[in-house]
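>>> I'd like to go over a predicted model; first the sequence, then the structure.
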Amino acid sequence: MRFDLSRQAFRSTMMNFVKGVALFIALALCSGYMLHSRSLAGQEKQEKDEPTVSPEQLAHAKALFAEKCARCHGLDGTSKTVLGGMLGAPNFTDARWWKNDVDDKRLVQSITEGKGEMPAFGKKFTRQEIVSLVAYVRRFNKSEASTSNH
Ligand code: HEC
């Protein structure tokens, strides 16, 4: 009798264990697949030499910037806001800041994952929106505008 009981207990423990393992594998497969398809999507875009940003997308980025970013970075990109000053946000109109090895890849990553005191936006925006935001932020760089006018 005692033997039977413990066997039963063992069986149900085993069943729970198996269920747990099955669930874990299902979750792992699922998130692995999602990560994979995400990175594939990223790669495709990179291969196309970063998607070009259409005027519509840039206009959309401008609206997003006003809504989500301007409280720290200011509508003019100087980050001369109370929050921007407190958190040490960079001045995007300062040519010296752009000299500091600031490529699109890094900016996309900073907006997606956050950086220092800046929150992550990867869950709020699509990759296209983030790429458009980077293009929009780049336009604050006056030195770039003046060099491309030459
Ligand atoms: C809560 C304030 C805050 C908000 C909101 C915010 N930022 Fe920032 N941002 C910062 C701070 C602070 C930094 C400087 C981070 C550092 O260098 O440690 C920063 C840095 C950046 C950088 C430079 C990243 C780098 O690699 O040096 C970019 C680009 C940027 N922000 C874009 C955005 C965009 C686009 C949005 C809106 C989607 C946004 N930020 C919203 C505070 C903010």
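The structure has been received and is ready for your questions.
>>> Stretch 115-129 vs the ligand: in contact?
Yes - against the ligand, stretch 115-129 shows contacts by CB under 6 Å from any ligand atom at 115-119, 121. C-beta coordinates here come from the backbone N, C-alpha and C atoms, glycine included.
>>> contacts for that stretch?
With CB atoms under 8 Å, 6 or more residues apart in numbering as the test, stretch 115-129 has contacts from 41-42, 45, 51, 57, 60-61, 64, 68, 72, 87-89, 108, 110-114, 130, 133.
>>> From these, list the buried ones, please.
57, 60-61, 64, 68, 72, 89, 108, 110-112, 130, 133 (16 or more other CB atoms under 10 Å).
>>> for the ligand, what are the nearby residues on this protein?
So the chain meets the ligand at 65, 68-69, 71-73, 83, 87-90, 106-107, 110-111, 115-119, 121, 133, 137 (CB under 6 Å from any ligand atom).
>>> Redo the residues of stretch 115-129 next to the ligand as JSON lines? Include neighbour count.
Listed next are the residues of stretch 115-129 next to the ligand as JSON lines, based on neighbours: other CB atoms under 10 Å:
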{"residue": "115", "neighbour count": "15"}
{"residue": "116", "neighbour count": "8"}
{"residue": "117", "neighbour count": "12"}
{"residue": "118", "neighbour count": "18"}
{"residue": "119", "neighbour count": "11"}
{"residue": "121", "neighbour count": "18"}
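>>> Adding distance to residue 9 and secondary structure, write those out as CSV.
Formatted as CSV, these follow (distance: CB to CB, whole Å; DSSP: H, G, I helix; E, B strand; the rest coil):
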residue, distance to residue 9, secondary structure
115, 52, strand
116, 52, coil
117, 52, coil
118, 53, strand
119, 48, coil
121, 50, coil
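>>> domain assignment for this protein?
1-47, 55-148 (automatic domain parsing).
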